[in-house]
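Engineer: Need a 3D model of the sequence below.
(one chain, ligands or ions: 1)
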Amino acid sequence: MPSEPPPSPDSNPPASTDPIIPAITTQNPEPVATVSVPQGEGQSAARSAHENPGACTLAIDIGGTGIKMIVLDADAKPINERARTLTPHPATAEAVLEVIRTMVQAQPAFDRVAVGFPGIVKRGVTINAPNLGNDYWRDFPLQERVAAITGKPARAMNDADLQGYGVISGKGVELALTLGTGVGAGLYVDGRLVPNLELGHQPWKKDQTYEERLSDAQLNELGKKHWSRRVLEMIEQLEPIFNYDTLYLGGGNAEHIKGELPANVRIFTNVEGMAGGVRIWTTAPT
Ligand code: BGC
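Structural biologist: Down below sits the predicted model:
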């Protein structure tokens, strides 16, 4: 269980009024964006990163086990191999930033940065990080610090929220779940995100949360077959609650799911999810 209490509803404004939450929708193609820009460059750098149709995006995924990075072109196609480095322990903010600083040096040129983070993120500031250490990440200005390291405008948001943007269609109710070190969730209504849905920490069965029953550690302990049965049970549990049109399952462990999935469930890869890094900048309809 996370040591953080869930966010209070009034500290989490509705997505429609949040300036950093883009929507994949034709009704709202140009949300007002608040982004961190490197010191001295001002808002024009951020604006041109948002408007530049040929811009390349450095997508960074900070995970409980690995830190991943890839550069994507304007169509969200990878232009290099995804790089991965083990997450440092302890995973303090400075240690993680140090890994990012080193990894960035080996990346091809990019114009803007998108960071997925394994915890609650509000306006680019991290609130907690259950699998990295909540105390290390309380109120940490991640977006601003990554912009300073890379010298490019940056946006940071919850990892599952970002990855879902990589795969959703922008139509109807879509839920993206990531199965990795933790269990992440991104919920979208006609392409508009309901941010920071911490479904993984919802108590489920036997005094355990979804995350506790479906984590990496459980997969290793139970084996793929038994763990997959739990995934199918989770789907049975969530379908009649969320009544989503499509459920997307991603994260490092989705590929291990055995058995038949309902017709409205789709598996996505990590690289597909990282395409969300481009979409959170462009908000283009998919
Ligand atoms: C965190 C989520 C995150 C998920 C996947 C959970 O422990 O609470 O915010 O999305 O792990 O990284």
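Engineer: Tally up the residues packed near Gly116, please.
Structural biologist: Applying other C-beta atoms under 10 Å, we find 28 residues neighbouring Gly116. All C-beta spots, glycine's among them, are computed from the backbone N, C-alpha and C.
Engineer: Name the helix or strand for it, please.
Structural biologist: Assessed by DSSP states H and E, Gly116 sits inside strand 112-117.
Engineer: Name the strands paired with that strand and say parallel or antiparallel.
Structural biologist: Taking DSSP bridges as the criterion, strand 112-117 sits next to strand 57-62 (parallel), strand 154-158 (parallel) in its sheet.
Engineer: what about Asn131, distance to the ligand?
Structural biologist: Per C-beta to the nearest ligand atom, to the nearest Å, Asn131 is found 5 Å from the ligand.
Engineer: And what about that residue, helix, strand or coil?
Structural biologist: Look at Asn131: counting by DSSP: H, G, I helix; E, B strand; the rest coil, its state is coil.
Engineer: quick one on the thing from earlier: now find how far off-centre the strand holding Gly116 is within its chain.
Structural biologist: Relative to the chain's own centre, strand 112-117 is displaced by 9 Å; criterion: C-alpha atoms, centre = their mean, to the nearest Å.
Engineer: residues making contact with that strand?
Structural biologist: If you take C-beta atoms under 8 Å, 6 or more residues apart in numbering as the criterion, strand 112-117 is touched by 49-50, 55-62, 126, 129, 142-143, 146-147, 150, 152-163, 273-274, 276-278, 280-281.
Engineer: Could you report the pLDDT at the closest residue to Trp204 other than its chain neighbours?
Structural biologist: Using C-beta to C-beta, 6 or more residues apart in numbering and skipping residues adjacent in sequence, the residue nearest Trp204 is Tyr210, 5.1 Å away. Note for Tyr210: predicted pLDDT of 97.
Engineer: Tell me how many other residues crowd Tyr210.
Structural biologist: Quick note: Tyr210 (other C-beta under 10 Å) scores 25 neighbours.
Engineer: I'd guessed it sits against Leu199; true?
Structural biologist: Yes - look at Tyr210 against Leu199 with C-beta atoms under 8 Å: they come within range, at 6.3 Å.
Engineer: any shared contact partners between those two?
Structural biologist: Val183.
Engineer: what about the helices in the stretch 1-150 of the chain?
Structural biologist: Secondary structure of the stretch 1-150 of the chain (DSSP state H, counting those that start in this stretch): helices at 42-51, 93-104, 134-137, 142-150.
Engineer: looking at these, which is buried most?
Structural biologist: helix 142-150 (a mean of 22; mean count of other C-beta atoms under 10 Å).
Engineer: Quick one: mean pLDDT over that helix.
Structural biologist: Here the average pLDDT along helix 142-150 is 98.
Engineer: helices or strands up against it?
Structural biologist: The helices and strands touching helix 142-150, judged by 3 or more C-beta pairs under 8 Å, 6 or more residues apart in numbering; DSSP states H and E, are helix 93-104, strand 112-117, strand 125-126, strand 154-158.
Engineer: Now the second one: average pLDDT?
Structural biologist: In other words, strand 112-117. On average, strand 112-117 scores 98.
Engineer: What of the longest one?
Structural biologist: In this model, helix 93-104 has an average pLDDT of 98.
Engineer: how much space between Pro195 and the ligand?
Structural biologist: 11 Å.
Engineer: ditto for Phe110
Structural biologist: With the distance defined as C-beta to the nearest ligand atom, Phe110 ends up 23 Å from the ligand.
Engineer: doesn't Val71 make contact with that residue?
Structural biologist: Yes - with contacts counted by C-beta under 8 Å, Phe110 reaches Val71, the gap being 5.0 Å.
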